[in-house]
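A.B. asks: Need the 3D shape of this:
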Amino acid sequence: MIYLTDDFEENRINPVTGQEWDSSWIALMLTDDEKFRLFCGSVNGGVYTVKVSRILHENWQFAVGDFIGFNEDDGKNIILAMTKEEYAAASGFYRGHSYNEPFLRDSEPQVLVHSTPLESWEAIRRDGCLKCWSRLKAEGAVDEEKPIGNSLGDPADFADYIMLGSGVFGEIVVNSKQRGEILSDENAEYLTGARLYFDAAKIARSGLLVRDGCHLKVKDKLPLDNYLIWAATYENVGLESRISTPAIFAKLADSRFRDLNK
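C.D. replies: A predicted model of the protein is given here:
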């Protein structure tokens, strides 16, 4: 069910039910943020909310459409904080598209990155695939009770997906796992792992690419064969040791990847 509102406050009480939020709810809010194109999480005890800047996100209508399609298929109750006119504009723009359509859009990257600790990379190579946290937990491959994203208020079903992206964010996740808490400082020292570069077009063509309005991801597992282009480690990007920072490692790895694929 979709509920449309232009007056949404992030707090513990669901304005539709008058009760505290439960896991069946999720929200998207259009904002005038001039700093963050996309931002997501839960604040003030509120529901998990995706915030999309109508100013910075040139294709915010895609974000809205993907968010609705993905979460409707997931059985969620959806709150959209926007005007009726914006909802109508997004619906018209998105017509003919789907959150799992088997091709890349013009605005989507040709290469997607997943970062992992070096020790995990050894296991990934043995298995021949990336696995989501839920599968790894079921196989006894992780001993943590909850994934690190739980600290950000991520919905439980996020653990069923492999998150893909770009930039420094994946390294921040690796650093946060090492510390056992969220640390967003991209200049904090950590032990570098492996930075895996995947062919996004091939993933999409295989029907594996999922869009939820904020993330690009793959459910359950992603084979290395046919999709992995290159794996960066401290050794092949020119670092003398594993110790570096998320910003430095991501920059060196991306630069080396570009050089190898000119």
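
A.B. asks: Parallel or antiparallel, which strands does the helix or strand encompassing Ala27 pair with?
C.D. replies: Assigned by DSSP states H and E, Ala27 belongs to strand 25-31. Each strand paired with strand 25-31, and its direction, by DSSP bridges: strand 49-53 (parallel), strand 77-81 (parallel).

A.B. asks: For the residue most central in space within the chain, give me its contacts.
C.D. replies: With distances taken as CA atoms, centre = their mean, the residue of the chain nearest its centroid is His215 (3.6 Å). Taking CB atoms under 8 Å, 6 or more residues apart in numbering, we find His215 in contact with 161, 163-165. For the C-beta atoms, the positions are set from N, CA and C on the backbone; glycine is no exception.

A.B. asks: Also Gly153?
C.D. replies: 41-43, 48.

A.B. asks: For these, pick the one with the most neighbours.
C.D. replies: Counting neighbours by other CB atoms under 10 Å, Tyr48 comes out on top of the contacts of Gly153 with 19 neighbours.

A.B. asks: That one and Ile26 touch, don't they?
C.D. replies: Yes. Counting by CB atoms under 8 Å, Ile26 is a contact partner of Tyr48 at 5.5 Å.

A.B. asks: isn't there a strand covering Arg135?
C.D. replies: No. Arg135: not assigned to a strand; according to DSSP: H, G, I helix; E, B strand; the rest coil it is helix.

A.B. asks: my read: it touches Leu222, true?
C.D. replies: No. With contact defined as CB under 8 Å, Arg135 does not reach Leu222; the gap is 11.0 Å.

A.B. asks: Could you pull up the contacting residues of Met163?
C.D. replies: Applying CB under 8 Å, 6+ apart to Met163 gives the contacts 114, 170, 215-217.

A.B. asks: mind checking the SS state of Phe70?
C.D. replies: For Phe70, the secondary structure call by three-state DSSP comes out as helix.

A.B. asks: can you count the residues close to it?
C.D. replies: Phe70, neighbours per other CB under 10 Å, totals 22.

A.B. asks: ok, it to Asp157 distance?
C.D. replies: 11 Å (CB to CB, to the nearest Å).
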